[in-house]
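1. here are the coordinates; sequence isn't available:
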């Protein structure tokens, strides 16, 4: 039985809070949905959060639709946002290679090491993923595999073990043909990163600040985008690179995940 670990919504002025200024609407919507799900809330809470995480200009633009953004119909709220903003300001389109590079860098740095960094990883992964699965530019199987591979290699065996009962509940085992979904991997990761989990408490102490964290801190003084700060380039959403990286030591089910 896995305990449900909830993550509180960030305050609108928090460094890791999403902020919508009319650009990158898809990223903003994905970020909100992830935050609400991790907080244990339903989609009915989303409409009222749009204005809380938007600029003053956006709030003025939405003033005429107060009933929608103070209501509980998330589909109606999204439709209104797309009518006004859509993604006309998108600077670049996510690509499969950009997502793969992001996953490799995140794993090499060992970034995901607690519940807070897990949530940040989920948000960034969704940004890089975009609509590639829906548009058949990336398969569900590869997307699920990439998400798993973003975790530090030294906790892969722990996640595999935590996933066994989760997969067994649906009559599956961990194979290359039956990989866990992103949601199942998140459930296993939350179970491991639970502050009450003795294995997590006894794990390796926090490592030095990663390129992922440095990218966020360097961009804190910049204008906020629709989610945590990112740099754009021709082939997808990118973060500032570091010259050094470290590779974790993998065990157990690694042969199912490397290729």
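-> Right, received. Where do you want to start? All values derive from a computational prediction rather than experimental measurement.
2. how close does residue 65 sit to residue 36?
-> 20 Å (CB to CB, to the nearest Å). Yep, even glycine has a C-beta here, placed from its N, CA and C like the rest.
3. same deal with residue 189?
-> Residue 189 is 18 Å from residue 36, by CB to CB.
4. Now do the contacts for residue 46.
-> Under the criterion of CB atoms under 8 Å, 6 or more residues apart in numbering, the neighbours of residue 46 are 32-33, 36, 74, 77.
5. mind listing which of the residues you listed are in helices?
-> Among the contacts of residue 46, DSSP state H puts 32-33, 36, 74, 77 in helices.
6. re the thing from before, of the contacts of residue 46, which is the most crowded?
-> residue 32 (27 neighbours; other CB atoms under 10 Å).
7. Name all residues that make contact with it.
-> With contacts defined as CB under 8 Å, 6+ apart, residue 32 is in contact with 18, 46, 49-50, 53.
8. quick one, domains of this protein?
-> 25-84, 96-256 (automatic domain parsing).
9. Out of the ones you listed, which gets the lowest mean score?
-> Among the domains of the chain, domain 96-256 carries the lowest mean pLDDT, a mean of 73.
10. and residue 9, how far is that from residue 150?
-> Counting by CB to CB - residue 9 and residue 150 are separated by 23 Å.
11. Over to residue 176?
-> Counting by CB to CB, the gap from residue 176 to residue 150 is 18 Å.
12. neighbouring contacts of the helix or strand encompassing residue 60?
-> Here residue 60 sits within helix 56-61, counting by DSSP states H and E. Residues from elsewhere that reach helix 56-61 (CB under 8 Å, 6+ apart): 20-22, 51, 84.
13. mind redoing it with 6 Å?
-> Outside helix 56-61, the residues that touch it by CB atoms under 6 Å, 6 or more residues apart in numbering are 20, 51.
14. Could you dump the domains of the chain into a markdown table with distance to residue 14 added?
-> Formatted as a markdown table, those follow (distance: least, CB to CB, whole Å):
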| stretch | distance to residue 14 |
| --- | --- |
| domain 25-84 | 10 |
| domain 96-256 | 10 |
